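# this one's sequence-less:
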């Protein structure tokens, strides 16, 4: 008697593997990217993508590798997004018109952090001091260069230093111990989240007529406030800021962008639990504010399905 064995072919799920560029693992972009990928990879997201979060050297790297296709998504500042899309700054000779927005994640308030024993009262008192404004290619450096241009300052008037490794990811006390314990006496910071100030520092907003003009002329900046409760100070700090945004390019399929956008905006409670940096962000702000490149069609479709756009 002949026995016929019938075997069923097992077909693996058809995933689209995508990469998301962030920043250094010690910063806030990396865990934010990890949260985005976590939601996108969850079975409730429909199984369309498998997202991998990638640590990178900074925002210029992220944009350049979106252009080459080595990255599918990236987190970048709104001012960097604007420069890349319109062909300004580092992209003056190589604009990226194919850049597309997905959503805004959180506001980045600009502030000056200085040792409490120094005579720092604001922007005007920084000339001649050792000052860290971030490494070339970083978000802090990109913002500082716009501040410097708005003020009409010359680079030789300043004593700029590379970013201090000791102060990455949080406001550590290295600057309070001695003038030589860090490479700077004051530093430009992009403040993302609520942390208690556990050392003797002073925090100053970046404001004034020149900054007002900069904000008014820039769709990627806004006036904002660092609440007194955020760092344990006596009063709110008025300043300005940009935003951290998720971007992609026209080369990424609509279905992939749709899956990422819907996974995050459709599960904001879970996203907020994973990323406390986005505290206070509303869906309307996430899909409209600080997005200076056009919205990707896949993201737009997701937001219409979620009832966030008409």
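The structure has been received and is ready for your questions. Owing to the predicted nature of the structure, the values given are computational and were not obtained by experimental measurement.

# what are the ranges of the helices in the protein?
In the chain, the segments counted as helices under DSSP state H are 29-41, 59-68, 78-86, 139-151, 174-177, 209-217, 228-231, 254-265, 268-274, 283-288, 297-305.

# weakest of those in terms of mean pLDDT?
Sorting the helices of the chain by mean pLDDT places helix 174-177 lowest, at a mean of 30.

# OK, contacts around the closest residue in space to residue 80 that isn't next to it in sequence?
In this structure, residue 80 finds its nearest non-sequential neighbour in residue 59, 4.7 Å apart by Cβ to Cβ, 6 or more residues apart in numbering. C-beta here means a position set from N, CA and C on the backbone, and glycine is covered the same way. Contact criterion Cβ atoms under 8 Å, 6 or more residues apart in numbering gives 23, 76, 77, 80, 137, 138, 139, 142 as the residues in contact with residue 59.

# ok, residue 256 - how many residues close by?
Look at residue 256: counted by other Cβ atoms under 10 Å, it has 21 neighbours.

# who's in contact with it?
For residue 256, the contacting residues are 16, 18, 48, 49, 72, 298, by Cβ under 8 Å, 6+ apart.

# how about the first one, what does it touch?
Residues in contact with residue 16, defined by Cβ under 8 Å, 6+ apart, are 48, 49, 50, 253, 255, 256.

# For the protein, which residue occupies the most central location?
Central residue of the chain (Cα atoms, centre = their mean): residue 244, 2.9 Å from the mean position.

# Any figure for the gap between that one and residue 28?
Computed as Cβ to Cβ, to the nearest Å, the residue 244 to residue 28 distance reads 8 Å.

# now residue 85
Distance, residue 85 to residue 28, by Cβ to Cβ: 23 Å.

# quick one, which of these two is more surrounded?
residue 28 (24 against 21).

# Distance from the chain centre to the longest strand along the chain, please.
Of all the elements of type strand in the chain, the one with the most residues (DSSP state E) is strand 99-115. Per Cα atoms, centre = their mean, to the nearest Å, the displacement of strand 99-115 from the mean C-alpha position of its chain is 5 Å.

# domain ranges for this structure?
The record, using automatic domain parsing to delimit domains, assigns the chain the ranges 16-107+244-305, 109-242.

# now do the same end-to-end measure for the last one.
Terminal residues of domain 109-242 lie 7 Å apart, using Cα to Cα, to the nearest Å.

# Ok, stretch 130-142 next?
Its first and final residues considered, stretch 130-142 spans 18 Å by Cα to Cα.

# Enumerate the positions of that stretch that are buried.
By neighbour count with 16 or more other Cβ atoms under 10 Å, stretch 130-142 contains the buried residues 130, 131, 132, 133, 134, 137, 138, 139, 140, 141, 142.

# between these, which is nearest residue 68?
Distance ranking of those against residue 68, using Cβ to Cβ, places residue 137 first at 15.9 Å.

# for residue 210, what are its contacts?
For residue 210, the set of contacting residues under the criterion of Cβ under 8 Å, 6+ apart consists of 150, 151, 152.

# what's the answer for residue 90, then?
Residue 90 is in contact with 60, 83, counting by Cβ under 8 Å, 6+ apart.

# Could you report the distance from it to residue 76?
With distances taken as Cβ to Cβ, residue 90 is found 12 Å from residue 76.

# Same check on residue 263?
Counting by Cβ to Cβ, the gap between residue 263 and residue 76 amounts to 20 Å.

# Please work out how many residues are found near residue 290.
Here the neighbour count serves as a burial measure; for residue 290 (other Cβ under 10 Å) it reads 26.

# Equivalent analysis for residue 95, please.
Burial of residue 95 is recorded as 15 neighbouring residues (other Cβ under 10 Å).

# thinking again about what came up before, wait, the residue nearest to the centre of the chain touches residue 108, no?
Yes - in this structure, residue 244 sits in contact with residue 108. The criterion is Cβ atoms under 8 Å, and the distance is 5.9 Å.

# now residue 41, nearest residue through space, not along the chain?
Here the nearest residue to residue 41 in space, its sequence neighbours aside, is residue 51; by Cβ to Cβ, 6+ apart that works out to 5.6 Å.

# repeat for residue 83
Here the residue nearest residue 83, using Cβ to Cβ, 6+ apart, is residue 89, at 4.2 Å.

# separation between the one you found and residue 29?
With distances defined as Cβ to Cβ, the gap from residue 89 to residue 29 amounts to 19 Å.

# who has more neighbours, those two?
For residue 89 versus residue 29, the count of surrounding residues by other Cβ under 10 Å is larger for residue 29: 28 against 15.

# how near is the residue nearest to the more buried one when sequence neighbours are not counted to residue 295?
Taking Cβ to Cβ, 6+ apart, and ignoring the residues beside it in sequence, residue 29 has residue 23 as its nearest neighbour in space, at 3.7 Å. Residue 23 sits at a distance of 23 Å from residue 295 (criterion: Cβ to Cβ).
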